[in-house]
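In: need the 3D shape of this:
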Amino acid sequence: MEIIAKESDRWLRQAEYDLRVSEWNLEGGFFAPACFWAQQAAAKGLRAFLFFKKEDARETRSVIELLGRAITYDEAFKGYVESSGRLDIYYKTSRFPDAIPGGIPAEVITEKDARESVRTAADIIRMVEETRKNYMPETI
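Out: Numbers count the residues shown, from 1 in each chain. Predicted structure coming up:
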């Protein structure tokens with residue numbers, strides 16, 4: 001169990017870092033990168049949860065796919081499905097000019113988009129942290 005907890009912890013620490021990067025970009029007015037890093041934070045947080053459950057989930061980058069797998073272990077993750085749907089959209093559209101017809105991410109993605117993305121990622125990471133603590137309070 002210790003090896004599993006350590007791998008899960010590595011992914012969770014990186015998720016927390018990516019969330020801080022997202023928040024930093026949001027506060028600096030860089031809304032497209034904030035959305036991208038929020039997507040990354042949420043995905044890595046969910047991978048941390050799945051590693052904790054002894055499941056290797058490195059083959060997907062989709063928050064929705066990862067949530068679907070997390071729900072099989074804890075139905076409380078269902079509460080994040082609707083708000084997380086947009087995060088996967090930002091995986092590419094927040095970075096590539098050809099992902100948005102007639103515009104570029106820096107001009108199209110708004111502060112509202114970024115705030116919602118950061119909030120969703122933070123909620124998912126908080127859920128992962130709480131779930132892990134409930135299962136292993138002595139090692140977390």
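In: for the chain, what helix or strand is lowest in average pLDDT?
Out: helix 81-93 (a mean of 90; mean pLDDT, DSSP states H and E).
In: middle-most residue in the protein, spatially?
Out: Nearest residue to the geometric centre of the chain (Cα atoms, centre = their mean): A42, 0.6 Å.
In: that one contacts I64, doesn't it?
Out: No - using Cβ atoms under 8 Å, A42 makes no contact with I64, being 10.0 Å away. Heads up, the C-betas are built off the backbone N, CA and C, glycines and all.
In: that older thread, from the chain's centre, how far out does the least confident helix or strand of the chain sit?
Out: 10 Å (Cα atoms, centre = their mean, to the nearest Å).
In: sort out which residues of that helix are buried, please.
Out: S83, S84, R86, L87, D88, I89, Y90, Y91, T93 (16 or more other Cβ atoms under 10 Å).
In: who touches the residue nearest to the centre of the chain in this structure?
Out: With contacts defined as Cβ atoms under 8 Å, 6 or more residues apart in numbering, A42 is in contact with A15, V63, S84, L87, T120, A121, I124, I125.
In: for the chain, give me the ranges with low pLDDT.
Out: Along the chain, the model assigns pLDDT under 70 to residues 1-4, 135-140.
In: quick check: longest helix of it.
Out: If you go by DSSP state H, the chain has its longest helix at helix 2-28.
In: in that one, what's buried?
Out: 5, 7-9, 11-12, 14-16, 18-19, 21-23, 25-26.
In: so which elements touch the least confident helix or strand of the chain?
Out: helix 31-52, helix 63-71, helix 111-135 (3 or more Cβ pairs under 8 Å, 6 or more residues apart in numbering; DSSP states H and E).
In: same for the longest one, what does it pack against?
Out: What that stands for is helix 111-135. Judged by 3+ Cβ pairs under 8 Å, 6+ apart, the packing partners of helix 111-135 are helix 2-28, helix 31-52, helix 81-93.
In: again with the second one
Out: Using 3+ Cβ pairs under 8 Å, 6+ apart, the elements in contact with helix 63-71 are helix 31-52, helix 81-93.
In: turn the helices and strands packed on helix 81-93 into JSON lines, including distance to I104.
Out: Converted to JSON lines, the helices and strands packed on helix 81-93 look like this (distance: least, Cβ to Cβ, whole Å):
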{"stretch": "helix 31-52", "distance to I104": "8"}
{"stretch": "helix 63-71", "distance to I104": "23"}
{"stretch": "helix 111-135", "distance to I104": "14"}
